[in-house]
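>>> Pasted the sequence and its predicted model underneath.
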Amino acid sequence: MSKVKTAFFCQNCGYESVKWVGQCPSCMQWNTFVEELIQKESAKNNISWKSTDFNKRINKTISLNEIVSGEESRLLTSDIELNRVLGGGIVPGSIVLIAGEPGIGKSTLFLQNGLSLKNIIVLYISGEESEQQIKMRAERLNLSNENFYLLTETSTQVIFQEIKKLKPGLVIIDSIQTLQTPFIDSSQGSVSQIRESAAEFQRFAKETNTPVFLIGHITKDGTIAGPKILEHMVDTVLQFEGDRHYAYRILRTLKNRFGSTAELGIYEMTDTGMKGVTNPSEILITQKEDQLSGIAIAATIEGTRPLLIEVQALVTQSVYGTPQRTVTGFDLRRLQLLLAVLEKRGGFHFGIKDVFLNIAGGLKVEDPSIDLAVLCALLSSYEDVAIEHHICFAGEVGLSGEIRAVNRIEQRIAEAEKLGFEKIIVSKYNLPAGRHGQKGLAKQKFNIEVITMGRVEEVYKYLF
Ligand code: TYD
Ligand code: MG
């Protein structure tokens, strides 16, 4: 009798089923189930990172107080942005997934980081590029390192043999989708292959205390190709964002067992690799001499860093029955909401106008404090009156047209001051008048004029 076991997997989310089903009960996608072989009997005795005494080990319960907390020594890379998104360096034995669209710079960044780590042995496993190609890229990056080893291989069995010989201090896998484990017979890149290969590296990382970076592709709709389960298996998920046509790339933490998930690294793709951007605000604002309408500067916070971002709006007469609303880098529904607020509270007729909104630099902004700048950019374009270029904004706009307080206002004001802005408009609830106590903050502290306002009408009157 055949000993081959198969199961059906949803290629979208990794849901496993014994029978074929038309619609995935987990992610509701249609026709995503594919039969995959999950166990090959003959492969049972192959070498892998399945520790032999794994089943013999007895796990006993232990009081948390009895566990001695090891002094966590993180491995610091020379890349400040990467250290930051990892929560302060690489944790030994951690497994990190880096996801991003093809061509965004994943291979470049991790080759670069591998080559810069001089005191440990780094093993870079590539299943996508040849040795020649990687050598060419390293030459382009102008980096060399004696402790950097390369392996172009896709079989996990061969990879672990090499790892046992080399004993690296860091393993980089480019990419997880190319790996193949002998324990599973389904094709390369299938859900069960990815899951099993990742599981082998997870065991390896935990047992040897070696950090592992897994590079993974994402599909067009932004999900990590193959299984969502991969995200559950790893300690940290970093996502590469940004438009390939712009030079800036954002490395965002989506999950981190060893640090904050609100972190963000900003890189610029240059002809000699990825360079960390230490002064993002200065680059994101195009400080033009002549003043143009439809531009407003927002003082936002991305991750834990204040960031000044330019918002551009264009409001034109609509030629079609249904006016157009087009956004890049901002939530379309949020724009519609702000337009409705302006329509209702200010009596502006945006209903007969086409509205285009763009966040400069190809960034995607989620911080609600950008609302006020978006609103002012819209009004500026509507009135065709430019906003003075030394003013910036930080405030969330509510449905009744009130300007709401935002968090960490001092950091925003300090950043605006640093960049030479003369005025910042914030919510009056951030700085309650006459109460410069613990909650509010003293305006005098800053070398910038802090203007507090409570309603959007006041802002309109002030600016136009
Ligand atoms: P790559 O790291 O191969 O992307 P991924 O691994 O995410 O698919 O990046 C490829 C792009 O980066 C490619 O379009 C060329 C560009 N690039 C530079 O602009 N400068 C460089 O120094 C390097 C090595 C690549
Ligand atoms: Mg690549």
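Yep, it's here. Ligands and ions are numbered 1, 2, ... in the order given.
>>> Not counting its neighbours along the chain, what's nearest S94?
Spatially, and ignoring its direct neighbours in sequence, S94 is nearest to D235 (4.5 Å; Cβ to Cβ, 6 or more residues apart in numbering). (C-beta placed from N, C-alpha, C; glycine too.)
>>> ok, now which ones touch the one you found?
Counting by Cβ atoms under 8 Å, 6 or more residues apart in numbering, D235 touches V91, S94, I95, V96, K255, N256, R257, F258.
>>> Run through who's touching the helix or strand where the fifth one lies.
In other words, K255. Element membership for K255 (DSSP states H and E) is strand 248-256. Identification of contacts with strand 248-256 by Cβ under 8 Å, 6+ apart yields 81-82, 85-87, 104-105, 109, 231, 234-242, 259-269, 274, 277, 283, 303, 361-364.
>>> The helix or strand hosting I413: which residues count as buried?
Using DSSP H and E, I413 falls within helix 409-418. Across helix 409-418, burial judged by 16 or more other Cβ atoms under 10 Å covers I409, R412, I413, A414, E415, A416, E417.
>>> wait, doesn't the first one sit right on K428?
No: the pair I409 and K428 does not pass the contact test of Cβ atoms under 8 Å, sitting 11.5 Å apart.
>>> I424 contacts G395, correct?
No: the criterion here is Cβ under 8 Å, and I424 misses it with G395 at 9.8 Å.
>>> Which one of the two is surrounded by more residues?
Remark: of I424 and G395, G395 carries more neighbours, 34 against 25, as counted by other Cβ atoms under 10 Å.
>>> Q11 versus the more buried one, what's the distance?
44 Å (Cβ to Cβ, to the nearest Å).
>>> likewise Q132?
Distance of Q132 to Q11, computed by Cβ to Cβ: 33 Å.
>>> and if you look at Y382?
From Y382 to Q11 the distance is 47 Å (Cβ to Cβ).
>>> Same check on K60?
On the measure of Cβ to Cβ, K60 and Q11 end up 40 Å apart.
>>> What of S78?
39 Å.
>>> neighbour count winner among these two?
Using other Cβ under 10 Å, the more surrounded residue of S78 and Q11 is Q11, with 20 against 13.
>>> ok, and the closest non-adjacent residue to the more buried one?
Counting by Cβ to Cβ, 6+ apart, the residue nearest Q11 is T32, at 4.9 Å.
>>> What subset of the contacts of D235 is buried?
V91, S94, I95, V96, N256, F258.
>>> So which residues on the protein come close to ligand 1?
100, 102-108, 137, 140-141, 269, 271-273 (Cβ under 6 Å from any ligand atom).
>>> Mind picking the two most distant members of these?
Spatial extent of those (Cβ to Cβ) is set by the pair P102 and T272 at 21.0 Å.
>>> does D174 really touch I134, like I thought?
No: D174 is beyond contact range of I134, at 9.1 Å (criterion: Cβ under 8 Å).
>>> what touches both of these two?
Y124, S126.
>>> Could you check which of those two has the larger neighbour count?
Counting neighbours by other Cβ under 10 Å for D174 and for I134 shows that D174 has the greater number, 24 against 18.
>>> what sits against that one?
K106, S107, F110, Y124, I125, S126, G127, E128, E129, I215.
>>> Could you list the paired strands of the helix or strand following the strand holding K255 along with their orientation?
Counting by DSSP H and E, the next helix or strand C-terminal to strand 248-256 is strand 264-270. Strand pairing for strand 264-270, using DSSP bridges, gives strand 248-256 (antiparallel), strand 273-276 (antiparallel).
>>> C-alpha coordinates for strand 264-270, PDB please?
Written as PDB, here are the backbone C-alpha positions of strand 264-270 (Å, rounded to 0.1, in the frame of the first residue of the first chain):
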ATOM      1  CA  LEU A 264      10.200  52.300  10.800                       C
ATOM      2  CA  GLY A 265      13.400  52.500   8.900                       C
ATOM      3  CA  ILE A 266      13.900  54.800   5.900                       C
ATOM      4  CA  TYR A 267      16.300  54.000   3.100                       C
ATOM      5  CA  GLU A 268      17.300  55.500  -0.200                       C
ATOM      6  CA  MET A 269      18.200  53.300  -3.100                       C
ATOM      7  CA  THR A 270      21.400  54.700  -4.600                       C
END
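>>> packing partners for the helix or strand harbouring I125?
Using DSSP H and E, I125 falls within strand 122-126. Helices and strands touching strand 122-126, by 3 or more Cβ pairs under 8 Å, 6 or more residues apart in numbering; DSSP states H and E, are helix 106-116, strand 148-151, helix 156-166, strand 170-174.
>>> Mind checking the pLDDT average for the first one?
Per-residue pLDDT values across helix 106-116 average out to 93.
>>> Counting by contacts, list what that helix packs against.
Short answer (3+ Cβ pairs under 8 Å, 6+ apart): helix 106-116 packs on strand 95-100, strand 122-126, helix 131-141, strand 170-174, strand 212-217, strand 273-276.
>>> Show me the contact partners of it.
Helix 106-116 has contacts (Cβ under 8 Å, 6+ apart) with 77-79, 82, 98, 100, 122, 124, 126, 128-129, 134, 137-138, 141, 143-145, 148, 170, 172, 174-175, 213, 215, 240, 251, 267, 269, 273-274.
>>> Return the distance of E415 relative to N83.
21 Å.
>>> right, I mislabeled it, should have said I134
24 Å.
>>> If you count neighbours, what's buried in the lengthiest helix in the chain?
Using DSSP state H, we find that the single longest helix of the chain is helix 191-208. Buried residues in helix 191-208, counted by 16+ other Cβ under 10 Å: 191-205, 208.
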